[in-house]
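**Student:** how does the following fold in three dimensions:
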Amino acid sequence: MLFFILLFLIGIVAGFINTLAGGGSILVLPVLILAGIPSTIANATNRVAILFQNITGTYRFHKHNQLKIKPVIHITISAIIGAIIGSFFAVKISSSMFDKILGIILIFLLLLMFRPHKERNNFTSILPKWAECLVFLLVGFYGGFIQAGVGFIFLASLNLVEEFNLIKANAVKVFIIMSYTIFAVIIFTISGKIIWKYGLILSLGNILGAYLGVKAAIKKGERFVRFILAFAIAIACLKLFGILKLLGL
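**Tutor:** A predicted model of the protein is given here:
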């Protein structure tokens, strides 16, 4: 019961962060992995919560007139194709190999979290459509394969393709992730990789977090959240690379 409560609370935080920025899965995956769930199963189970979170976020953004779908259909389709391919790779890869890949990615994302950056309110289009499709095919592949940190990658990629303010960029991000996660969940379900009781409990938290996230921007406590995420990532990486086992933990 305590673990279920923890999952629900983590889901709220993850849903809030994911909707307005990204990186919520970086918090969820280490908790699932530290609970003894294999990384490939944790990766798949988290997608259930991601789906419900982004359905909620898409509805709320659309209700507030912050989301226009037609201009981003081409990159959405590209991301879906990439995510389907990535999901099949995630299903086929061994747990030990996935651990190493996820550990390397988490370390990279950890470094990005502490990299100084300047806030930008607008996005500038500099690529032709075929290049946009290629970019989001690759982003979709990553989303289907790993998911953790994909929100950051989406915001960075949208910086290349359209002129959005940050709110509308997040709205587009949420819509595209919702679109491809539908297919990822189907693939993971058929492959028997999802622990549904954990996924649905996480979903309740993510839905609430997404609802709150659309209503508010992350202005306070960002540094605290960043260090909590960094701690969780560091512990997860120690586990994924077998260092905790060597230390007898």
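**Student:** what mean pLDDT would you report for the helix or strand Pro30 falls within?
**Tutor:** Counting by DSSP states H and E, the element that carries Pro30 is helix 24-34. Helix 24-34 comes out with an average pLDDT of 83.
**Student:** output the lowest mean pLDDT helix or strand found in the chain.
**Tutor:** helix 222-240 (a mean of 58; mean pLDDT, DSSP states H and E).
**Student:** got the residue ranges for the helices in the chain?
**Tutor:** With DSSP state H as the definition, the chain shows helices at residue ranges 2-20, 24-34, 39-63, 73-92, 95-113, 129-145, 150-161, 166-190, 196-215, 222-240, 243-246.
**Student:** could these go into a markdown table alongside mean neighbour count?
**Tutor:** Yep, even glycine has a C-beta here, placed from its N, CA and C like the rest. What follows is the helices of the chain, written out as a markdown table (neighbours: other C-beta atoms under 10 Å):
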| stretch | mean neighbour count |
| --- | --- |
| helix 2-20 | 21 |
| helix 24-34 | 24 |
| helix 39-63 | 24 |
| helix 73-92 | 20 |
| helix 95-113 | 17 |
| helix 129-145 | 21 |
| helix 150-161 | 21 |
| helix 166-190 | 22 |
| helix 196-215 | 22 |
| helix 222-240 | 17 |
| helix 243-246 | 12 |
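**Student:** which of these has the lowest mean pLDDT?
**Tutor:** For those, the bottom mean pLDDT is recorded on helix 222-240, which sits at a mean of 58.
**Student:** just want the angle from the helix holding Pro30 to helix 39-63.
**Tutor:** Using axes from the mean of the first three to the mean of the last three C-alpha atoms, to 10 degrees, the direction of helix 24-34 lies 150 degrees away from that of helix 39-63.
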